[in-house]
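# based on what follows, work out the 3D shape:
(chains A and B)
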Amino acid sequence: NAGVTQTPKFRILKIGQSMTLQCTQDMNHNYMYWYRQDPGMGLKLIYYSVGAGITDKGEVPNGYNVSRSTTEDFPLRLELAAPSQTSVYFCASATAAVTTYGYTFGSGTRLTVV
Amino acid sequence: DAKTTQPNSMESNEEEPVHLPCNHSTISGTDYIHWYRQLPSQGPEYVIHGLTSNVNNRMASLAIAEDRKSSTLILHRATLRDAAVYYCILRADNYGQNFVFGPGTRLSVLP
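Just a heads-up that it's a prediction; the model follows:
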């Protein structure tokens, strides 16, 4: 099983550039999440979605946008990249029974903004 | 979500048991206790979870105090591959809410 797939694995952006981090899952999970992890820190929620067409902000949404047109895909868009967005980004998915089965995470995208 | 407190780091010798503590004194009656771990350069992975009773699975055991204000993740025989950051997280049984990941406990396993 592929699980949660994130692309690219690594990316270097210049300040002011834009990019889209891709996330796709093949488990038919309704819930999807984007987290960022700064060095030595825990994960912080950026955006999440409870189903196609429905998204909501997490703890640190500024500077990011998301869309959820299909169950499988949950891309994260960075507009006008800033050095503060240098981080590792993780996408996760879950069934409606999140408490019972927990999250499945992707392997992450390491982004550096210079 | 109620907060959890974990030691910043712990060390263990290979093939010895490891007990990772977590304090959650403000836990509510509907909060499940979840444990995830994050291996180097990987995303977090689910380890185990429980509500009131102790739980066992192929990866670990979870011992929950009778008052539920603390819990302990038990790795019965640590291997080098168990070196990771372990996160203890509380989550109420509400769909759509996210897990809040604190800094966790960094476990080092010595050969």
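
# how about the strands in chain B?
Taking DSSP state E, the strands of chain B run over residues B:9-13, B:18-23, B:31-38, B:45-50, B:55-56, B:61-64, B:70-75, B:84-92, B:105-110.

# hang on, I meant chain A
Along chain A, the segments classed as strands by DSSP E run A:4-7, A:10-13, A:19-25, A:31-37, A:43-51, A:54-57, A:64-66, A:76-78, A:87-94, A:104-105, A:109-113.

# quick check: angle from the longest one to strand B:84-92?
Here strand A:43-51 points in a direction 50 degrees away from that of strand B:84-92 (axes from the mean of the first three to the mean of the last three CA atoms, to 10 degrees).

# got the angle for strand A:43-51 vs strand A:31-37?
Using the same axes, to 10 degrees, one finds that strand A:43-51 and strand A:31-37 are set 160 degrees apart in direction.

# how about strand A:43-51: buried residues?
Buried residues in strand A:43-51, counted by 16 or more other CB atoms under 10 Å in any protein chain shown: A:43-50. Bear in mind the C-beta positions are built from the backbone N, C-alpha and C, glycine included.

# neighbours of residue 108, just the number please.
Assuming you mean chain A. Summarising burial for A:G108: neighbours were counted as other CB atoms under 10 Å in any protein chain shown, giving 23.

# try again with chain B
For B:S108, the tally of surrounding residues (other CB under 10 Å) stands at 13.

# can you redo the buried residues of strand A:43-51 as JSON lines with pLDDT?
Putting the buried residues of strand A:43-51 into JSON lines (pLDDT from 0 to 100) gives the following:
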{"residue": "A:L43", "pLDDT": "88"}
{"residue": "A:K44", "pLDDT": "89"}
{"residue": "A:L45", "pLDDT": "89"}
{"residue": "A:I46", "pLDDT": "93"}
{"residue": "A:Y47", "pLDDT": "93"}
{"residue": "A:Y48", "pLDDT": "91"}
{"residue": "A:S49", "pLDDT": "92"}
{"residue": "A:V50", "pLDDT": "89"}
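
# restrict these to those near chain B?
Cross-checking the buried residues of strand A:43-51 against chain B (CB under 8 Å from any CB of the partner chain) gives A:43-45, A:48, A:50 as the overlapping residues.

# in chain B, which helix or strand is least confident?
The helix or strand of chain B with the poorest confidence is strand B:84-92; it has a mean of 87 (mean pLDDT, DSSP states H and E).

# do you know how far the residue positioned nearest the centre of chain A is from chain B?
Here the mean C-alpha position of chain A is nearest to the C-alpha of A:W34 (CA atoms, centre = their mean), at a distance of 2.9 Å. Distance, A:W34 to chain B, using CB to the nearest CB, to the nearest Å: 10 Å.
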